[in-house]
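A.B. asks: Can you look at this prediction? I've put the sequence above it.
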Amino acid sequence: MTVSAIGAVVALGLATTTVVNVVASNAETSKIESYGQRVDVNGSKMNVLVTGSGLKDVVLLPGFGTSSPVLDFAPLVRDLAKDHRVIVVEPLGYGLSDGTDRERTTENIVQEVHSALQSLHVNRYILMGHSIAGIYGIDYVKRYPDEVSAFVGIDTSVPGQPGTDTQFPTGLMSAAKSLGLLRVITAIAFADDNNPAYSDYANDQMQMLTNRNSMSPTYLNEMEHIGSNFQRALGTGFPKDLPLLLFAVAENKQNPEWLELHRRQVASVTDGTVVPIPGEHYLHHTHAGEIADGVRAWEVGRG
């Protein structure tokens, strides 16, 4: 096959995936079902789920780019909500929340999350987050120390961790979405995921929300700020008097110092605990019960 013929086949393929993506995106708009409630934040609507009851509130924040924090955290929420009131926040650009033109700095994201909680009169809570929420969480607890009673991390990011200076090709990523290539990749990823903790319905909804939210302008803007947000977090940590519980992947082959980074974090506070868990980064997908029970045992141990 000649080079020109190969080029023609590639062009035809991309034209096909582009058209399929547009048609499928339009069709999926009416298939995505609502959940939670939407609150006003700086002129935009942020989606939040409040469920369960108990003496303590737990506020859950997602890792970067989670398509639907409410659906993603569902196994953990079901368990925690047995004896806690759980509030899952979908930051702007996530889940069913609106997108935004505001720069995705740590400061803006933290202020928006706090504004949503204030709208719901959530005033005293355990802040619990996954992945990059570890960076946002440090800033959050320093801004609102009278509201956060403790921080719980699920394989959270740590200031100074390796790889945070990566330059992302956001232009190419945006093009991949427009050309329908992201939809193909997403379909393959979900087809390979057979986690019994998620129903077919939940997987279908998360897949459609991934197609909608991934590589959106809000998503790409946050991605562009990852390096600078980590840079501004260098040298920072949680307040010494804030109780800290960190669930962390026991063996991170890409970063052998991962567990030690978390141990250093808890060593810097008066009441800190690290719980190593064998598994992958999304520990709440596969160890939700272990995490919920770990939170309960920790609460009992602290009186």
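C.D. replies: Arrived safely.

A.B. asks: Assign residue 186 to one of the three secondary structure states.
C.D. replies: For residue 186, the assignment made with DSSP: H, G, I helix; E, B strand; the rest coil gives helix.

A.B. asks: Quick check: closest non-adjacent residue to it.
C.D. replies: Nearest residue to residue 186, sequence neighbours excluded (CB to CB, 6 or more residues apart in numbering): residue 210, at 5.1 Å. Just so you know, the C-beta spots here come from the backbone N, C-alpha and C atoms, and that holds for glycine as well.

A.B. asks: Is the one you found in a helix, a strand, or coil?
C.D. replies: helix.

A.B. asks: what number of residues lie near it?
C.D. replies: By the measure other CB atoms under 10 Å, the count of residues near residue 210 is 21.

A.B. asks: Double-check it against residue 185; I have them as touching.
C.D. replies: No - contact criterion CB atoms under 8 Å: residue 210 and residue 185 do not qualify, at 9.7 Å.

A.B. asks: Show me the shaky parts of the stretch 1-150 of the chain.
C.D. replies: Within the stretch 1-150 of the chain, the stretches with pLDDT under 70 are 1-27.

A.B. asks: May I see the buried residues of stretch 34-44?
C.D. replies: Residues of stretch 34-44 classed as buried: 35, 36, 38, 39, 41, 44 (neighbour count, 16 or more other CB atoms under 10 Å).

A.B. asks: re the thing from before, what about the residue nearest to residue 186, distance to residue 74?
C.D. replies: Using CB to CB, to the nearest Å, residue 210 is found at 15 Å from residue 74.

A.B. asks: cool, residue 264 as well?
C.D. replies: Distance from residue 264 to residue 74, by CB to CB: 32 Å.

A.B. asks: who has more neighbours, those two?
C.D. replies: For residue 264 versus residue 74, the count of surrounding residues by other CB under 10 Å is larger for residue 74: 23 against 15.

A.B. asks: List the contacts of that one.
C.D. replies: Residue 74 makes contact with 197, 198, 202, according to CB atoms under 8 Å, 6 or more residues apart in numbering.

A.B. asks: got TSV for the residues you listed, with neighbour count too?
C.D. replies: As requested, those are exported to TSV (neighbours: other CB atoms under 10 Å):
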residue	neighbour count
197	15
198	19
202	17
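
A.B. asks: want to try a markdown table for those, with distance to residue 191 and secondary structure as columns?
C.D. replies: Shown next, in a markdown table, are those (distance: CB to CB, whole Å; DSSP: H, G, I helix; E, B strand; the rest coil):
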| residue | distance to residue 191 | secondary structure |
| --- | --- | --- |
| 197 | 17 | coil |
| 198 | 13 | coil |
| 202 | 15 | helix |
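
A.B. asks: what's the closest of those residues to residue 293?
C.D. replies: Comparing the contacts of residue 74 against residue 293 with CB to CB places residue 197 closest, at 15.4 Å.

A.B. asks: can I assume the closest one is in contact with residue 287?
C.D. replies: No - Residue 197 lies out of contact with residue 287 (CB under 8 Å); the separation is 9.9 Å.

A.B. asks: buried residues in stretch 230-242?
C.D. replies: 230, 232, 233, 237, 238, 239, 242.
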